[in-house]
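> kindly return the folded structure for what I paste below:
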Amino acid sequence: MRRRRSPLLIASGGPLYFPNPELTDEEGLVAIGGDLSPSRLLLAYESGIFPWYDRGLPPLWWSPDPRAIIDPADLHVSRSMRRVLSQRRFRFTWNRAFRDVMLACGDRDEGTWILPEMVEAYAELHRLGHAHSIEVWDGTALAGGLYGVQRGALFAAESMFHKRTNASKAALIEAVQTLTARGIELFDVQFTTSHLVSLGAREISRKQYVERVKRACYRAVDLTTLT
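Numbering: from 1, shown residues only. So this is what the prediction gives:
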């Protein structure tokens with residue numbers, strides 16, 4: 001049996017390196033510290049790791065076991081959601097309001113990990129073409145959406161929100177269908193919730209997830225023409 005390692009302590013601006021996430025426990029705290037530079041964030045996602053922490057703490061880097069994904073074949077669109085989508089009440093766009101989507105995702109009564117420095121870091125990834133948002137509009141109002149990070153054929157969905165009933169479900173369904181059509185093979189949603197399970201999310205082991213990430217990251221997928 002492998003001995004589980006303590007989280008790696010990374011100095012701000014330190015070397016771009018993460019330890020093997022398989023050497024951590026089920027909670028998956030891989031490293032503490034470092035920064036949210038584009039190069040470190042991209043390396044994290046390529047390694048099956050993501051940042052998640054609270055105000056007043058240094059960046060915490062996680063790779064929990066198991067991980068939640070949505071495979072296209074498992075996507076479940078209920079009869080009621082089919083009716084909602086067929087009514088065309090919602091209009092979808094891509095990358096029109098990335099920062100607004102992030103801010104709305106972070107607007108939670110119970111507190112949020114989407115801190116100002118996270119918004120700036122992911123907005124920079126978006127500017128560089130590595131992060132994308134889908135917006136759900138009800139008329140001219142932003143009704144829902146989600147954002148995430150792309151590495152090759154991996155799309156790591158970070159968070160979603162709704163201000164109208166069914167808008168977050170609509171965002172996720174549209175995102176999975178659109179991104180799969182563009183070549184995304186691994187749609188990561190991090191953790192299962194009852195909401196995500198109802199849409200087809202399932203858990204796989206961290207080992208399986210990291211193996212799929214490695215394969216996906218080497219495949220070229222162009223999302224620059226999403227509108």
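> read off the pLDDT value for A121.
As predicted, A121 sits at a pLDDT of 98.
> can you give me the neighbour number for it?
For A121, the neighbour count with other Cβ atoms under 10 Å is 20. Glycine gets a C-beta too; all of them are placed from N, C-alpha and C.
> for the residue nearest to it when sequence neighbours are not counted, give me its contacts.
In this structure, A121 finds its nearest non-sequential neighbour in L36, 3.7 Å apart by Cβ to Cβ, 6 or more residues apart in numbering. By Cβ atoms under 8 Å, 6 or more residues apart in numbering, the residues touching L36 are 51, 59, 117-118, 120-121.
> give me the element L36 is part of.
Using DSSP states H and E, L36 sits within no helix or strand.
> ok, it to Q190 distance?
As judged by Cβ to Cβ, to the nearest Å, L36 and Q190 stand 17 Å apart.
> which helix runs longest in this protein?
The residue-count maximum for a helix in the chain (DSSP state H) belongs to helix 167-182.
> please report phi then psi for S133.
phi -130, psi 150 (degrees, to the nearest 10).
> what's the pLDDT at it?
98.
> looking at it, it is touching L103, isn't it?
No. Using Cβ atoms under 8 Å, S133 is not in contact with L103, being 11.0 Å away.
> who's more crowded, those two?
S133 (26 against 15).
> who's the more buried one bridged to?
Going by DSSP bridges, S133 is paired in beta bridges with Y147.
> could you give me the average pLDDT of the host helix or strand of A104?
A104 belongs to helix 98-105 when assigned by DSSP H and E. The average pLDDT for helix 98-105 rounds to 98.
> quick check: what element follows it along the chain?
Taking DSSP H and E as the definition, the helix or strand right after helix 98-105 is helix 116-127.
> okay, now the domains of this structure?
The chain breaks down by automatic domain parsing into domains covering 8-65, 68-217.
> which residues of the protein score low on pLDDT?
Low-confidence regions of the chain, defined by pLDDT under 70, span residues 1-4.
> the helices in it, which residues?
Along the chain, the stretches classed as helices by DSSP H are 38-46, 79-86, 98-105, 116-127, 167-182, 194-198, 206-217.
> do you know which of those helices lies nearest S159?
helix 98-105 (3.9 Å; Cβ to Cβ).
> got the angle between that closest one and helix 167-182?
Helix 98-105 and helix 167-182 are oriented at 140 degrees to each other (axes from the mean of the first three to the mean of the last three Cα atoms, to 10 degrees).
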